[in-house]
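Novice: Got a sequence here, can you model it:
(4 chains)
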Protein chains: 2
Amino acid sequence: MQLAVSTVIFALREDEQSARRRGPELWLPLVVRVRDPYDGHWALPGGPLREDEGLADAAARTLAETTGLRPAYLEQLYAFGAPERGGAAERVVSIVYWALVGSEEAARARVGQNVRWLAAERLPRLAFDHNLIVDYALWRLRTKMTYARIAHAFLGETFTLRELREVHEIVLQRDLDPANFRRQVEADAAVVPTDEFRTGGRHRPARLYRYNTAIEPVDLGPLTPRPAAPTHTDAAPGGAAQHRTSKQRSRP
Amino acid sequence: MQLAVSTVIFALREDEQSARRRGPELWLPLVVRVRDPYDGHWALPGGPLREDEGLADAAARTLAETTGLRPAYLEQLYAFGAPERGGAAERVVSIVYWALVGSEEAARARVGQNVRWLAAERLPRLAFDHNLIVDYALWRLRTKMTYARIAHAFLGETFTLRELREVHEIVLQRDLDPANFRRQVEADAAVVPTDEFRTGGRHRPARLYRYNTAIEPVDLGPLTPRPAAPTHTDAAPGGAAQHRTSKQRSRP
DNA sequence: CCAAAAGTGTTTCAGCTACACCCATGA
DNA sequence: TCATGGGTGTAGCTGAAACACTTTTGG
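Specialist: This next block holds a predicted model:
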């Protein structure tokens, strides 16, 4: 019997191939298997747990080794251990994590013949029970997005409320009222306004916001004391991409 | 490295020793360790995973072997695998489940020198990281009780709304308005009225209710398809204890 | 009769939703 | 000046909370 750690990694990306689809979607990096069982099938990045390594550390390590990514959010998802799930091979119990990475970090991902991004909504048949795992991770992401402050993990250090709202809209698959979304976000102090604005659109500049690292996210698991200090969540560095940034005074 | 499965088992019990405390509280059965590390300390029931056994099956088996209990609710809690948690012994990764058992089933538990019930709120120092695990399970129980229909797992097949409300009050540690509680429970069809009433108190008889097995509980994990059919939840048999039961017509 | 819990009705308040409207910018 | 999104105001609905009140039993 073997113990492995795997990770479902989500990022928002545009479809570079088909021009039909518009706007970013949820994608995840997968690794192709090069031996039986499931030779040639896509599988979640992962690997065996090392002797002196924590579970989350193993997730972060295997994830970095295969994709080169450093996630902004990492949380344990579930342990899978049905005896049949190995598919005729030696039995494997997998402790699965799920991770979120920002768009800029995702663009830096090391892809190639063995590693590729696939759209979460239209996956082929994956190796083992990995389709079930991805579906569960998607469900967890959507459920948690409605009550926890995790959307910023898909974005850079600062972001406009529109950008934050679009993350919610893509993940939850429905439009949100901009006015009400603004008020909800401003209500809890999870996100704080900066003095900077995003200009460049042919419209009024939008204020940039920053994630409030003082307020901490909702449960990351038992290892983070319930009302507590930061650990896993580690904001991705970098600023804006195709927009300029200007500093202005906030209204008196 | 070793893989084990343990379970945090909750039941509502009266304190039989100290007459000072009144009303039931959350208790859990623990097992005393008979060798190092933590020789003599209390620990969660559990054991190694067998080769051809699912994770939940292992939890149910070890739980039954040590305590004789058959839980009404069983769900995976978390996987614990920090390298240091073994305390100088061989490293152990534990996949921990949490379970609820009804009061009658709890009374049938096999206790003795090695197995004993302890009050969840005033535990001694347990073996390994088991205090942390129990605290997390307690937090999960309380969180889930507020939105999921799991309270009936502490009760028999039929119950009055007062009994159901008292379960909530004990777990959530606050009083609930009987009128509002009634309406909330009746609003979702999770619980259905029977034609029977609990008599014997010096007051108006209370209608007995039954859990609606057609409506299914909120997420039990990835293995239960999201809106789906029963699996783990297996209602404990048996009826009322110290009260008579009478059959009456419901009002026209 | 009284005490006690079962069960019903009603008012109030907070939060969410929908949507009208003004503001600031680039072209 | 117009189109576009940024940002504000507000009326209406819904559900939770608080609490007054009626009903039915045992003593």
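Novice: Show me the residue sitting in the middle of chain A in space.
Specialist: In chain A, the C-alpha nearest the mean C-alpha coordinate belongs to A:Leu100, at 1.6 Å (CA atoms, centre = their mean).
Novice: For that one, give the beta-bridge partners.
Specialist: For A:Leu100, the beta-bridge partners are A:Phe10, A:Tyr73 (DSSP bridges).
Novice: Look at it and report its pLDDT.
Specialist: Here the pLDDT value assigned to A:Leu100 is 98.
Novice: can I assume it is in contact with A:Ile150?
Specialist: Yes. At 6.5 Å, A:Leu100 counts as touching A:Ile150 under the criterion of CB atoms under 8 Å. C-beta coordinates here come from the backbone N, C-alpha and C atoms, glycine included.
Novice: about what we covered before: can you pull the contacts of the residue nearest to the centre of chain A?
Specialist: Applying CB atoms under 8 Å, 6 or more residues apart in numbering or on different chains to A:Leu100 gives the contacts A:9-11, A:71-73, A:141, A:150, A:153-154.
Novice: What of A:Tyr97?
Specialist: The neighbours of A:Tyr97, taking CB under 8 Å, 6+ apart as the test, are A:5-8, A:55-56, A:59, A:74-77.
Novice: Apart from its chain neighbours, what residue comes closest to A:Val93?
Specialist: Of all residues not flanking A:Val93 in the chain, A:Gly81 sits nearest, at 4.0 Å (CB to CB, 6 or more residues apart in numbering or on different chains).
Novice: Just want the phi and psi numbers for the one you found.
Specialist: Backbone torsions for A:Gly81, taken as degrees, to the nearest 10, come to phi -150, psi 20.
Novice: Pull up the gap between it and B:Leu49, please.
Specialist: 7 Å (CB to CB, to the nearest Å).
Novice: same deal with A:Ser6?
Specialist: 18 Å.
Novice: State the three-state secondary structure for the residue in the stretch 51-200 of chain A that DNA strand C sits nearest to.
Specialist: The stretch 51-200 of chain A approaches DNA strand C most closely through A:Ala179 (3.4 Å), counting by CB to the nearest atom of the strand. Secondary structure assignment for A:Ala179 (DSSP: H, G, I helix; E, B strand; the rest coil): helix.
Novice: any idea how far A:Arg165 is from it?
Specialist: Distance, A:Ala179 to A:Arg165, by CB to CB: 11 Å.
Novice: ditto for A:Tyr97
Specialist: A:Tyr97 is 27 Å from A:Arg165, by CB to CB.
Novice: swap in A:Asp57?
Specialist: Distance, A:Asp57 to A:Arg165, using CB to CB: 34 Å.
Novice: before we move on, what about A:Gln2?
Specialist: A:Gln2 sits 43 Å away from A:Arg165, taking CB to CB as the criterion.
Novice: Show me which of those two is the more surrounded one.
Specialist: Shown here are A:Gln2 and A:Arg165; by other CB atoms under 10 Å in any protein chain shown, A:Arg165 has more neighbours (21 against 13).
Novice: tell me which residues in whichever strand or helix holds the more buried one are buried?
Specialist: Using DSSP states H and E, A:Arg165 falls within helix A:161-172. Along helix A:161-172, these residues count as buried under the neighbour rule (16 or more other CB atoms under 10 Å in any protein chain shown): A:161, A:163-168, A:170-171.
Novice: isn't A:Trp42 right next to A:Pro29, touching?
Specialist: No. Under the criterion of CB under 8 Å, A:Trp42 makes no contact with A:Pro29, lying 9.7 Å away.
Novice: Show me whatever sits in contact with both of those two.
Specialist: Common contact partners of A:Trp42 and A:Pro29 (CB under 8 Å, 6+ apart): A:116, A:118.
Novice: Looking at the two, which has the bigger crowd around it?
Specialist: Remark: of A:Trp42 and A:Pro29, A:Pro29 carries more neighbours, 26 against 21, as counted by other CB under 10 Å.
Novice: State the pLDDT value of that one.
Specialist: At A:Pro29, the model reports a pLDDT of 98.
Novice: Could you check how many residues crowd around the spatially closest residue to it that is not a sequence neighbour?
Specialist: Nearest non-adjacent residue to A:Pro29, counting by CB to CB, 6+ apart: A:Thr67, 4.8 Å away. If you count neighbours by other CB under 10 Å, A:Thr67 ends up with 25.
Novice: Tell me the confidence at A:Pro225?
Specialist: Listed pLDDT for A:Pro225 reads 62.
Novice: Let me fix that, I meant to ask about A:Ala240.
Specialist: For A:Ala240, pLDDT reads 28.
Novice: now the strands for the stretch 151-252 of chain A?
Specialist: Assigned by DSSP state E, counting those that start in this stretch, the strands in the stretch 151-252 of chain A fall at A:158-160, A:191-199, A:206-211, A:244-247.
Novice: okay if I get those strands as CSV plus distance to chain B and mean neighbour count?
Specialist: Below are the strands of the stretch 151-252 of chain A laid out as CSV (distance: least, CB to the nearest CB, whole Å; neighbours: other CB atoms under 10 Å in any protein chain shown):
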stretch, distance to chain B, mean neighbour count
strand A:158-160, 29, 22
strand A:191-199, 24, 16
strand A:206-211, 24, 20
strand A:244-247, 40, 12
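Novice: need the ones you listed in JSON lines with mean pLDDT, can you?
Specialist: Shown next, in JSON lines, are those (pLDDT from 0 to 100):
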{"stretch": "strand A:158-160", "mean pLDDT": "97"}
{"stretch": "strand A:191-199", "mean pLDDT": "95"}
{"stretch": "strand A:206-211", "mean pLDDT": "96"}
{"stretch": "strand A:244-247", "mean pLDDT": "42"}
